[in-house]
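Engineer: Let me see the structure of the following:
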Amino acid sequence: LDKKLSIGAYLKREDVRDVLITKKPNIKKLAHLPKNSTLGTFSPRRVAYIKLLRPDIKIIELRGNIETRIDKVYKGKIYAILLAKAGLNRLKKLKDNFNFFSISLSQILPAPGQGAISVMYKKENLFIKKICNKINCRDTNISLNAERSLIKQINGDCFTPIAALAKIKNSSIILKARLFSDDAKSYVDDIKTGPLKSANLLGKKCADNLLKTLKLKNEARKKYNNF
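Structural biologist: Coordinates of the predicted model:
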């Protein structure tokens, strides 16, 4: 962020799940996709998950806005695409002539921050700061603090194949995360739980553990391949 700006509020989080979009009404899960069919995405996280869950699928690099991507499916240029359900809901792009299937969180975790909208303000503007305090969603704020702390600790960006989701349960925060290797051939999971006030620390600890475990796993894989 620009040093003159600060995040003043988070709006209530939307649905965090990914959505599989096809023209075939019989497709209700990733397993139903025809063998060797094409799937469009530019997300390293989604690419890694698809390679893990359906290694036969041919991944097509796909960019552009939501309408452009959906149009590729409509015209038959790509069999399926994965998009964030939050964006589809907000833009009301759930069309009747398409099959939209929400992917379970037990199968694919979202990107850190997925479904969230933040409100930024100039630090010296105390009036706007007060407004932000009134519209801020506490649970979303705490969850995003953990997820943003995780990303910052691993020095991640939009090209990092990482998935994470923090949830509030009673007076605790639960952070689940998965980090893939750059070649998507290996991954590590971690779950951290702690009091709400420890959100930032929780994200850092989770990141450190992911990096350490993935490094050890990759080293072991290299030794095995060279054996």
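Engineer: And the helices in the chain?
Structural biologist: Listed in chain order, the helices of the chain (DSSP state H) span 44-53, 66-74, 85-91, 126-135, 138-153, 199-226.
Engineer: Please name the nearest non-neighbouring residue to the residue nearest to the spatial centre of the chain.
Structural biologist: Centroid check for the chain by Cα atoms, centre = their mean gives A111 as the closest residue, at 1.3 Å. Nearest in space to A111, with sequence neighbours left out and distances taken as Cβ to Cβ, 6 or more residues apart in numbering, is R45 at 5.5 Å. From N, CA and C alone the C-beta is placed, and that goes for glycine too.
Engineer: list the contacts for that neighbour?
Structural biologist: R45 is in contact with A111, T160, P161, I162, A163, F180, counting by Cβ atoms under 8 Å, 6 or more residues apart in numbering.
Engineer: what pLDDT does it get?
Structural biologist: pLDDT, the model's per-residue confidence, is 97 for R45.
Engineer: Same question for I81.
Structural biologist: 96.
Engineer: so how far is R178 from the closest residue to it other than its chain neighbours?
Structural biologist: What sits nearest to I81 in space, not counting adjacent residues and going by Cβ to Cβ, 6+ apart, is G40, at 4.4 Å. Applying Cβ to Cβ, to the nearest Å, the value for G40 to R178 is 22 Å.
Engineer: same question, I50
Structural biologist: Look at I50 and R178: by Cβ to Cβ, they are 14 Å apart.
Engineer: now swap in L1 and tell me
Structural biologist: L1 is 26 Å from R178, where distance means Cβ to Cβ.
Engineer: Repeat that for A207.
Structural biologist: 12 Å.
Engineer: returning to that earlier point: contacting residues for the residue nearest to the centre of the chain?
Structural biologist: When contacts are taken as Cβ under 8 Å, 6+ apart, A111 is in contact with S43, R45, A84, I162, A163, A164.
Engineer: Same question for A184.
Structural biologist: Taking Cβ under 8 Å, 6+ apart as the definition of contact, the neighbours of A184 are P44, V47, A48, K51, L52, P161.
Engineer: Equivalent analysis for P25, please.
Structural biologist: Applying Cβ under 8 Å, 6+ apart to P25 gives the contacts N99.
Engineer: just S186 next, same as before
Structural biologist: Taking Cβ under 8 Å, 6+ apart, we find S186 in contact with F180, L214, K217, N218, R221.
Engineer: Columns pLDDT on top of the contacts of R45, output as CSV?
Structural biologist: Below are those laid out as CSV (pLDDT from 0 to 100):
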residue, pLDDT
A111, 97
T160, 93
P161, 96
I162, 96
A163, 98
F180, 96
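Engineer: By neighbour count, which of the residues you listed wins?
Structural biologist: Among the contacts of R45, A163 has the most neighbours (other Cβ atoms under 10 Å), with 25 neighbours.
Engineer: give me the low-pLDDT residue ranges for the protein?
Structural biologist: Scanning the chain for pLDDT under 70 picks out the ranges 93-97, 223-224, 226-227.
Engineer: for T38, what are its contacts?
Structural biologist: Contact analysis of T38 by Cβ under 8 Å, 6+ apart lists I57, K58, I59, I60, I78, Y79, A80.
Engineer: What remains of the contacts of A184 if I keep only buried residues?
Structural biologist: Burial by neighbour count, 16 or more other Cβ atoms under 10 Å: within these this picks out P44, V47, A48, K51, P161.
Engineer: about what we covered before: so which two of the contacts of A184 are the farthest from each other?
Structural biologist: For the contacts of A184, the maximum inter-member distance is 12.6 Å, found between P44 and L52 (Cβ to Cβ).
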